[in-house]
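Enquirer: What follows is a predicted structure for the sequence shown.
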Number of protein chains: 2
Amino acid sequence: MNVQLLLTPHTLERAELEGRTVVVIDVLRSSTSICASLLAGARSVIPTSGPGEAGELRAKLGADSAVLAGERNGVKIENFQYGNSPAEFTPETVGGKNVILCTTNGTSVFGRVARAGLVLSGALVNVSSVAQAIALQKKDTVIVCSGREGGFSIEDTLCGGMLIDVLRQKHGCDLTLNDAGSLARLLYRDRQTSLKEAISQGEHGRFLTALGMSADVDLCSRIDIMPVLPVLKDGCLVKADAV
Amino acid sequence: MNVQLLLTPHTLERAELEGRTVVVIDVLRSSTSICASLLAGARSVIPTSGPGEAGELRAKLGADSAVLAGERNGVKIENFQYGNSPAEFTPETVGGKNVILCTTNGTSVFGRVARAGLVLSGALVNVSSVAQAIALQKKDTVIVCSGREGGFSIEDTLCGGMLIDVLRQKHGCDLTLNDAGSLARLLYRDRQTSLKEAISQGEHGRFLTALGMSADVDLCSRIDIMPVLPVLKDGCLVKADAV
């Protein structure tokens, strides 16, 4: 199986995605918030590329069935009901609702990978669920790290590296990796015993901690605590029963 | 000293470069060809962003004093005198001339970093010369990996990681690294005993080998065989006597 990892999404338009499985990773924090929402009973999470698109979508779906959540530069968007802290998404806040999500790095990626065979949302909190789905699919896979402000992010790369490692070690997959995939796996294996520290001491982790969100960084660094598989269907992320 | 490494140049326009030292790295092959040209006695190497600009510049400078060299997708540009093989640049071909160089990944980066305090061209063949200059400057430094087709390249990242390692180990510099800088150093330390293999087996190395250019890959992987320091002055790379 070919597994290509992209350290950032900026070359995505040139990537071959047709018929392939794509995993979009944004550990801090949208991928984790997506898992939290679906586990809390949200009907779907709708990733959007900007607050304007999000607002229009909510007007269309109606306030009864949809909530607006998201951030710009880490901070909740004005007039949105929720920010992007995974802990905000509970049965009380999002149960039975569609969560329209708009974040700085992660959510806009989904619109750019819709041509893929299957699109999943991956984080550390659901890494084994995603690995299992890839192993079952047996299709060539592209792991897209959302990165931070267009650049590389250590937490997304670690998560991509762990995904590759789990595919090899647990599922015995025979993988052909691109150079970035090998690098991500090296990073993961070097830091696997201190994953939480690597993330909290990274640029994005320090940024969120400075904004008073160290609890989010901590939660997003925990492995497999949200065993759910978000899959993109008609522009909405829903909980997969089976892929 | 702050050392920031950029895995690709795509976020360069937002980077803080004013007053800083910038090192542009394109191991395969423009950075190596620049060193080879200056060591062969070229008056300067003029990096350009496209064949059109290169041609105009040659018309302006005149065929007596300037030669055109460069490639697109690894292959010599039509009507150019030379390609981008470091071995092409000898005292016979470029001695006393200005080499107008136009390559796929590396040469266009120079025009985007001209606002920096000092701009150097770095490769494995001159890594110690570049490290020494940075250590003498004692200024915050930005290492720009040219990458390949907009994406990450293992050879440029290895070279950036080695530069960081030499600054720490040989010059005793106290460095604060960004996440990408730490990653590059990790990669270098993991592969330092098999650097040549890591490069020849990487995506770009395999691509050039398939084009029959394995000798270039081999030459470009050799450490410190071209002890020269190319520095950007008024848009031209010249041999620094002292920085």
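Expert: Sure, I can see it.
Enquirer: make it CA atoms for all contacts and neighbour counts henceforth
Expert: OK.
Enquirer: Tell me which other helices or strands the helix ranked longest in chain A touches.
Expert: Of all the segments of type helix in chain A, defined by DSSP state H, the longest one is helix A:154-169. For helix A:154-169, the packing partners by 3 or more C-alpha pairs under 8 Å, 6 or more residues apart in numbering or on different chains; DSSP states H and E come out as strand A:21-25, helix A:127-137, strand A:141-145, helix A:179-191, helix A:195-200.
Enquirer: Chain B: which of these is closest?
Expert: helix A:179-191 (6.3 Å; C-alpha to the nearest C-alpha).
Enquirer: Pull out the buried positions in the closest one.
Expert: Going by neighbour count (16 or more other C-alpha atoms under 10 Å in any protein chain shown), the buried part of helix A:179-191 is A:179, A:180, A:181, A:182, A:183, A:184, A:185, A:186, A:187, A:188.
Enquirer: most centrally placed residue in chain A?
Expert: What sits nearest the mean C-alpha location of chain A, by C-alpha atoms, centre = their mean, is residue A:31, with 2.7 Å.
Enquirer: Quick check: the residue nearest to residue A:27 when sequence neighbours are not counted vs residue B:31, distance?
Expert: Distance criterion C-alpha to C-alpha, 6 or more residues apart in numbering or on different chains; nearest residue to residue A:27, sequence neighbours excluded, is residue A:123 at 5.0 Å. For residue A:123, the distance to residue B:31 equals 38 Å [C-alpha to C-alpha, to the nearest Å].
Enquirer: got a list of what residue A:205 touches?
Expert: The contact partners of residue A:205, by C-alpha atoms under 8 Å, 6 or more residues apart in numbering or on different chains, come to A:28, A:199, A:214, A:217.
Enquirer: Just the element for it, please.
Expert: Secondary structure assignment for residue A:205, by DSSP states H and E: helix A:203-210.
Enquirer: Only the buried residues of that helix, if you could.
Expert: Buried, per 16+ other C-alpha under 10 Å, within helix A:203-210: A:203, A:204, A:205, A:206, A:207, A:208, A:209.
Enquirer: Next to chain B in this structure, residues from chain A, please.
Expert: A:7, A:11, A:150-154, A:178-180, A:183, A:186-187, A:202-203 (C-alpha under 8 Å from any C-alpha of the partner chain).
Enquirer: In those residues, find the pair that's most separated.
Expert: Largest separation among those by C-alpha to C-alpha: A:178 and A:203, giving 25.0 Å.
Enquirer: thinking again about what came up before, and the buried residues of helix A:203-210 as TSV, adding pLDDT?
Expert: Converted to TSV, the buried residues of helix A:203-210 look like this (pLDDT from 0 to 100):
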residue	pLDDT
A:203	95
A:204	95
A:205	97
A:206	96
A:207	96
A:208	96
A:209	97
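Enquirer: Which one of these is nearest to chain B?
Expert: Nearest to chain B among these is residue A:203, at 6.6 Å by C-alpha to the nearest C-alpha.
Enquirer: contacting residues for the residue lying closest to that closest one once chain neighbours are set aside?
Expert: Of all residues not flanking residue A:203 in the chain, residue B:179 sits nearest, at 6.6 Å (C-alpha to C-alpha, 6+ apart). Residues in contact with residue B:179, defined by C-alpha under 8 Å, 6+ apart, are A:153, A:154, A:202, A:203.
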